[in-house]
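Asks: any chance you could fold what I've pasted below:
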Amino acid sequence: MIQKMKKLTFLVTDREYAPFIERLRELGVVHVVELQAGATSPELQSALALDERYKATLKAMSFAAATYEKGVSKNSAEFLNLDLHSHAVEGKADSKTVEETGLATVELVEQLAADETATLHAIDATQKAIAQLAPFGNFPWEDIRSLERDAHCRIDFFRCSAKSFRADWQTEFFAQAVAEENKKTYFITFSFDGECPNIAAEHLELPPHELKFYEAEEQRLRQRLVDIHRQQTIVAFEKRAVVEEAKLINEDAITLSRVQLSHDELIEGSVRLMEGWTLEEKASEVTAALDEAGIFYEMTDPTFDEKVPIEIRNNKYSSLFEPILKMYSLPNYHDLDPTEFLAPFFMLFFGLCMGDAGYGLLILAVSLWLVFKKPSLKEYGKLGAYLGATTMVVGFLTGSFFGIDLSQQDWAFLAPVKHLFVNENNYKPFGYAPMMVFSVCIGLVQVLLGMVLAGSKAVKNFGWKYGVGKFSWVVFLLSVVALYGLPACGVLLPLFVQYVLYGFIGLSALGIMFYNNPDKNIFFNFGGGLWSVYGMATGLLGDLLSYIRLFALGLTGGVLGGVFNTLAVQAKDGLTELITAPGAWLVMLIVLLLGHGINFGLCMISSFVHPMRLTFVEFFKNADFEGGGKPYTPFRRKATAV
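Replies: Presented below is the predicted three-dimensional model:
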């Protein structure tokens, strides 16, 4: 439900400005409007840049801590032999100390990251040098230089393919093969004219030090890398809390800088105009504080054209679906909050798309594990539990369990409930698959609910007469469905009921054709009514057909699950004569795990995407949901350091 807001307009003198801003922050319930859009200051730019550094530092700390805890680093257990929390900051520190420590930690983490990068590059360069020298062995360069001086010759190093090495080079250039690796021949030449031999081979410029130097250097660099990782891990565990607190202090500075830019100067250097919003339930608290401070203010209700920040609150069940709504948009202040209306439909749509009780059982089990074992993911676990339970119910009603068609099994315990399965054996409505008919029917219910919400929104914002046209369509469609749909299903309507329905159809038709826009005359209304009839005739059919995807996706998942079951059984039967029975059963298990894993993943994707599509397109369109709301973010202090 969207909470009611009150608008505040302040006139503040320069003398009152600083304590007024601090008082607003202490209250923590006023959303300050940014009157100078895009305005900035050196302080704000500096704080924003520092915020990015804090984010990067915390990300690096998370990676270092996760690497240690998960044992990804081979050396973590070896180089880290201390109580990681032994030097952690205890209690609260003052803001200045936290800021200084936080900034120093950021600089340390950045320096360690730079050292790590430089060390990795040095290791790469060392490994390249080792790779170049290894074929020629661990020779001392001073011996090569002495030989060149004493024998007055030039020594060069070459490499070529083994097939390209020519024997006459041994005579002409005194070539000596040293090694052969990976079909490459490495050799050296001796020339006494001081010129490099002109031969069809790759001339190698070897590194200036001997092989053992680079091998020792690599060991030193790797130990240096271990020391860096050790220090990164210690810093991650010991300093994360203070960095997080320093980040919050900096965020407070960002918010303060933006608030300080959120005013217009009415009298330059003397009086400033500010605007804000607060919850209606907090209005008395705000006005009492402003009266006490002697601040001039005006509190008003929002006008229709104003952009009002949004605070939505729902019950424990509906609030689980708020992240789904926010993926589309927050409602604006004049919308109706659709969360509590989309929640049961989304849950049902998910179950229909998944369509398998076994998969629902898996989702439910994992979700309950998240609820009890992962407090940070508890709300998502609760949402998953609802979705998994709904999938189980739908799966049992359609008779599907891990791709097994329960209606085709001769298991004794199923006999008493087989008549409850929603399939062609038990229901044959109009010659169509029952789940397809059910999908269209539930789509009609959601579309009609959307029209009711659209009418309610019009009445709320403009008055009852603006909802007549929208409610007329609801009455018309319900009356037509009752008048013609119920007899088609075998329900005979008494004559007086038929006359009543005809009366509803006639009255709603008048509302559609002649009162769809109260601000226009009868001729404009008639033209608008004709256009509305055309739009409804074409749009409603397309909207309802979209809901068939619920049946199609559920059917596809069940069929694919059955196919993988059949493949697994056939693989086992075919291999029984070729390998041992345990081996055949193992192959069957592998096929089942891989097949159902793939099918489960595809079903999960479709079970989220398509219900969201039906909600965001069909439901929101018929509900006249506009969205575009901005969250209510009161100006308050985030940091806890004192």
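
Asks: and stretch 177-194, which residues are buried?
Replies: 178, 185-190 (16 or more other Cβ atoms under 10 Å). Glycine gets a C-beta too; all of them are placed from N, C-alpha and C.

Asks: filter the residues you listed down to the ones in strands?
Replies: Among those, the residues falling in strands (DSSP state E) are 178, 185-190.

Asks: widest-spaced pair of these?
Replies: By the measure Cβ to Cβ, Thr185 and Phe190 form the most distant pair in those, at 16.7 Å.

Asks: give me the three-state assignment for the residue most central in space within the chain.
Replies: In the chain, the centroid-proximal residue (Cα atoms, centre = their mean) is Met327; its distance is 9.1 Å. The three-state label given to Met327 by DSSP: H, G, I helix; E, B strand; the rest coil is helix.

Asks: OK, contacts around it?
Replies: Met612 (Cβ atoms under 8 Å, 6 or more residues apart in numbering).

Asks: and it, how far is that from Lys70?
Replies: In this view, Met327 and Lys70 are 30 Å apart by Cβ to Cβ, to the nearest Å.

Asks: residue ranges of each domain in the protein, please.
Replies: With domains defined by automatic domain parsing, the chain comprises 5-107+241-300, 139-209, 336-622.

Asks: comparing those domains, which yields the minimum mean pLDDT?
Replies: Ranked by mean pLDDT, those end with domain 5-107+241-300 at the bottom, a mean of 77.

Asks: you'd agree Leu11 is in a helix?
Replies: No - under three-state DSSP, Leu11 sits outside any helix and is assigned strand.

Asks: how about the nearest residue to it, chain neighbours excluded?
Replies: Closest residue to Leu11 apart from its sequence neighbours, by Cβ to Cβ, 6 or more residues apart in numbering: Phe296 at 4.5 Å.

Asks: for that neighbour, give me phi and psi.
Replies: phi -80, psi 130 (degrees, to the nearest 10).

Asks: what about it, neighbour count?
Replies: For Phe296, the count of nearby residues is 12 (other Cβ atoms under 10 Å).

Asks: quick one: residues contacting it.
Replies: Phe296 touches 10-12, counting by Cβ under 8 Å, 6+ apart.

Asks: hang on, Val12 packs against Tyr297?
Replies: No - using Cβ atoms under 8 Å, Val12 is not in contact with Tyr297; the gap is 9.1 Å.

Asks: between those two, point out the one with more neighbours.
Replies: Val12 (20 against 16).

Asks: return the set of residues that bridge with the more buried one.
Replies: Arg272 (DSSP bridges).

Asks: in contact with it, which residues?
Replies: 20, 263, 271-272, 274, 295-296.

Asks: and the helices in the stretch 101-250 of the chain?
Replies: In the stretch 101-250 of the chain, the segments counted as helices under DSSP state H, counting those that start in this stretch are 141-151, 168-172, 211-260.

Asks: of the ones you listed, give the one that comes closest to Gly469.
Replies: helix 211-260 (43.8 Å).

Asks: could you give the angle of that closest one to helix 141-151?
Replies: 130 degrees (axes from the mean of the first three to the mean of the last three Cα atoms, to 10 degrees).

Asks: sorry, back to before: got the ones in strands among the buried residues of stretch 177-194 as TSV, with distance to Val437 columns?
Replies: Putting those into TSV (distance: Cβ to Cβ, whole Å) gives the following:
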residue	distance to Val437
Val178	82
Thr185	78
Tyr186	78
Phe187	83
Ile188	86
Thr189	87
Phe190	92
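
Asks: ok, so of those residues, who is nearest Thr278?
Replies: Distance to Thr278 across those (Cβ to Cβ) is lowest for Tyr186, with 79.6 Å.

Asks: and the next helix or strand past the stretch of helix or strand Ala18 belongs to?
Replies: Counting by DSSP states H and E, the element that carries Ala18 is helix 14-27. Later in the chain than helix 14-27, the nearest helix or strand by DSSP H and E is strand 30-32.

Asks: for whichever helix or strand comes after that next one, packing partners?
Replies: Of the helices and strands lying after strand 30-32 in sequence (DSSP H and E), the nearest is helix 42-69. Under the contact definition 3 or more Cβ pairs under 8 Å, 6 or more residues apart in numbering; DSSP states H and E, helix 42-69 sits against helix 95-133, helix 211-260.

Asks: buried residues in helix 42-69?
Replies: Result for helix 42-69 [16+ other Cβ under 10 Å]: buried residues 44, 47, 50, 53-54, 57-58, 60-61, 64-65, 67-68.

Asks: got JSON lines for those, with distance to Glu26 too?
Replies: As requested, the buried residues of helix 42-69 are arranged in JSON lines below (distance: Cβ to Cβ, whole Å):
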{"residue": "Leu44", "distance to Glu26": "22"}
{"residue": "Ala47", "distance to Glu26": "20"}
{"residue": "Leu50", "distance to Glu26": "24"}
{"residue": "Arg53", "distance to Glu26": "28"}
{"residue": "Tyr54", "distance to Glu26": "24"}
{"residue": "Thr57", "distance to Glu26": "29"}
{"residue": "Leu58", "distance to Glu26": "27"}
{"residue": "Ala60", "distance to Glu26": "34"}
{"residue": "Met61", "distance to Glu26": "31"}
{"residue": "Ala64", "distance to Glu26": "37"}
{"residue": "Ala65", "distance to Glu26": "35"}
{"residue": "Thr67", "distance to Glu26": "41"}
{"residue": "Tyr68", "distance to Glu26": "40"}
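
Asks: of these, just say which sits nearest to Val569.
Replies: Looking across those and measuring by Cβ to Cβ, the closest to Val569 is Thr67, at 43.7 Å.

Asks: Gly467 - that's part of a strand, no?
Replies: No - Gly467 is assigned helix when assessed by three-state DSSP, not a strand.
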